[in-house]
Structures are given as C-alpha cells and as structure tokens.
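Asks: fold the following, please.
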Amino acid sequence: MTRPDIAKFKIINEDWKLKSRLGAGSFGEVHLATEIKSGIKVAIKFDLKPEGEDKAFKKEVDFLTKLNDNSQHVPTLIAFGKFNSINYCVMQLLGSSLSDLRRDQPHNRFSVSSVLRIARQMVWAARDVHAQGIVHSDIKPANFAIGRLKPKKIYIFDFGISDIFRTKNPRDWVGFRGTRTYASLRIHDQKEPGRVDDLWSIFYCVLKMAGCKFPWEKTKAPPRPAKLDTESLDRVYQECLKDESAKKAGTDTKHEVINKARKKSHKQLAKIKRETDIEKLIDKTQKRTNIPGHMLKKFHNYICHLEWNEQPDYTYLDKLIKREMQKIGVKMSDPYDWEDPAKSVENTKHSKISSNKENKKHISVEFNRKDVNNN
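Replies: As a prediction, the model looks like this:
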C-alpha cells in the first residue's frame, strides 16, 4: 500500500489547517495544525494502517476519552473522525518531551529538585491511568511532555500499545510490548503486563533522568527490516553478516538474517539487565549526581515485591518522594530546570538551551474546550 501524503491535504474536514509534520512512525504521522475558526494550535494524529487494521487506533481514542474525564495528566482529545478514509484524532498540543528536555540539560540530566518532582507526577499519571483499568505498557521519557502553556505540568501520552490489564487468568505468552531500555524483566520474558510493570518503567525513567547510565544500553539491535529502504536493508544485512552465527544461515533471506540478529541483541540486553546489581547502580548514580539513593532503593524494593496483578500503593510511593523533597526544601511550585536554566544542574557553570527547535519538539494543545464537531 502506498503511504498517503498527508501534507497535501492542507485542510482537514474544513476545521483544521495543517502547518507542519511533527513526527512519523511506521503506521502514523503527527502534524501541527490550527483550528480555522479560532487559530488555536493543535496536534493531529493520523492512523495510516490499512483499513480494517485500525483496532489499536480506536482503542487509543477510547482510552483518551475515558482518561480525559479522570486525569489532569493526559492530553485532551478534542475531536476524532475520518478524512479521505484515514482515521485521525485532534489532541492538545504539548510542549517538549522529557527526553528532549533532558538532552538540553548540562550533562544530559536534570537537577535532583526536578527529578523528584517529575517522579511524583509520573506516579500520579500512572495512578490515574491504572484507575481506569489501563496499563500503559510504554512508559519512557519520550512519552511524557510538559504543558505548552503550563510548563510545570507533566502529561503522559501515546496509548498506542496500551491495554486493559488483567488481574487473573494471565496469558502464557503475550509477546514483547514497550521499549526495551525501560521495560521490566517480566515484559522481557513476554509475560502478562500488569500495573507493576509500568512502575518498573517509571523507576528506570527516574534513574535515567538523574543521569544514570544503564549497562544494557550499550547493546544495540538492528532496525526492523520493514522500516528500511532497499539501500539501508543491504547495509544492515551486511553488518549482521559480520556475526559468525549469521554467516552459517546460508539460505536465510535478508529479512530473516536481520530479524535473527535483532532477537539475539534483545536476549543479550535482557541478560545484562537481569545480571545488573541495581543497588550498586543506584550507589554509582548517587555518587555522581546526589540523587537520594535510599529513596530509590526503597522504591526498587517495593516494586520487587509487588505481584503482577497486585494493586500498587501509589500513596506510599508519593510520600516516599515527597519526604525527600521536604528534606532539601523543594516545593512543587519551584521552577523546573526548563523554566530556570541557570539552576539546571547544581554547581554547573554553563547551560545548554534549546532555541529555534521549539516547534519540532511539540508533541501532541493547551485546549480545554471539547465542543468541537466530529466529522
């Protein structure tokens, strides 16, 4: 199927004017747009899967609808519908993702003050999502963003692989879902996803934002063959053939060779993660960044003992983080690193501030009206 050129549409259902593309994946695109009547900026997500394969998109719309009535940490779904047989949804335009903001900081990390408050908001967001019976399944810094008009508020987004969680009768095998850097070992083992797995991902996110370097990140898997053009496919295939085990698979197609290399890399990453002493990793991070290690160890100990189908105690985790904030005199109303670059990372003499890349970093629209006609 030929991928449609969304940009050529210009106007969507006489309501939305497309401005620029913000991002694209294998089966979708997100565009910056404005509401024609008001001029308000929005984000429009287009689902480019073949007709009849749009169950995940419809599920995401259902989840956003449910969450909009029950959480302040989920972007507002403004409208959804079809245009030229393509599903789309109009969402609140957010500011930069935590992933982008972290990379803009000195030493690629946030201050302890910001990390603690980010962690609290992540726990709040997960609590709200789980309260609606949903497990996110892809929690990572790139799937959290600040408000465009409210930069102190953090939003969780991208419910493309989210699902209703089970509390009994777990499936024997569900396949891998998520991002391997931040996935729990249960998810690496392709077990039934639960609320605890989202909390594991939050734990890894907090470590990463504090400046932790994961040993398993050094293991890189080749890209999916389906995403590669002919030239890139040949190049990646030749890289994979450098592995002796790949050379022995003489009758395998290029796709098969690359997929086997991916599977091998994924197993290696999970093995390194499984063998990593997390407490030593916390100690190392604390020594370099002053992040409160005892708090992280208590968080880690708690999720280690949480069953896959057990209701997490979000209040306990929130109080755990709040106590550390009180010890160092941090308030939720204090400026975050992205609001006050001069205080980004303690004892840092320089700062690295993003400038003209702002539009490229908008994610998904400080927009509280829901009286938009769905066409």
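Asks: from the chain's centre, how far out does stretch 184-192 sit?
Replies: Put simply, stretch 184-192 sits 17 Å off its chain's centre (CA atoms, centre = their mean, to the nearest Å).
Asks: contacts for it next, please.
Replies: 137, 166, 170-171, 173-178, 180, 193-194, 196-197, 200-201, 266, 269-270, 273-274, 308 (CB atoms under 8 Å, 6 or more residues apart in numbering). Where you see a C-beta, it was placed from the backbone N, CA and C, and this is true even at glycine.
Asks: report the separation between the nearest residue to Asp334 once chain neighbours are set aside and Met325.
Replies: Spatially, and ignoring its direct neighbours in sequence, Asp334 is nearest to Ser113 (6.4 Å; CB to CB, 6 or more residues apart in numbering). Distance of Ser113 to Met325, computed by CB to CB, to the nearest Å: 8 Å.
Asks: next: Asp100.
Replies: Separation of Asp100 from Met325 (CB to CB): 24 Å.
Asks: rewinding a little: from the contacts of stretch 184-192, which ones fall inside helices?
Replies: Using DSSP state H, the members of those that fall in helices are 196-197, 200-201, 266, 269-270, 273-274.
Asks: out of these, which end up buried?
Replies: Using 16 or more other CB atoms under 10 Å as the burial test, the ones in helices among the contacts of stretch 184-192 include 196-197, 200-201, 269-270, 273 as buried.
Asks: could the ones in helices among the contacts of stretch 184-192 go into CSV alongside distance to Leu67?
Replies: Supplementary listing: the ones in helices among the contacts of stretch 184-192 in CSV, determined by distance: CB to CB, whole Å:
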residue, distance to Leu67
Val196, 20
Asp197, 19
Trp200, 21
Ser201, 18
His266, 30
Leu269, 31
Ala270, 31
Lys273, 30
Arg274, 33
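Asks: between those residues, which is nearest Phe299?
Replies: Lowest distance from Phe299 to those (CB to CB) belongs to Trp200, with 10.1 Å.
Asks: thought the closest one was touching Ile303?
Replies: Yes. The criterion here is CB atoms under 8 Å, and Trp200 meets it with Ile303 at 5.7 Å.
Asks: mind listing the helices for the stretch 201-350 of the chain?
Replies: Ranges of helices in the stretch 201-350 of the chain, per DSSP state H, counting those that start in this stretch, are 230-240, 244-247, 254-275, 278-289, 293-304, 314-327.
Asks: so what does the longest one touch, helix or strand wise?
Replies: I take that to be helix 254-275. helix 185-188, helix 230-240, helix 244-247 (3 or more CB pairs under 8 Å, 6 or more residues apart in numbering; DSSP states H and E).
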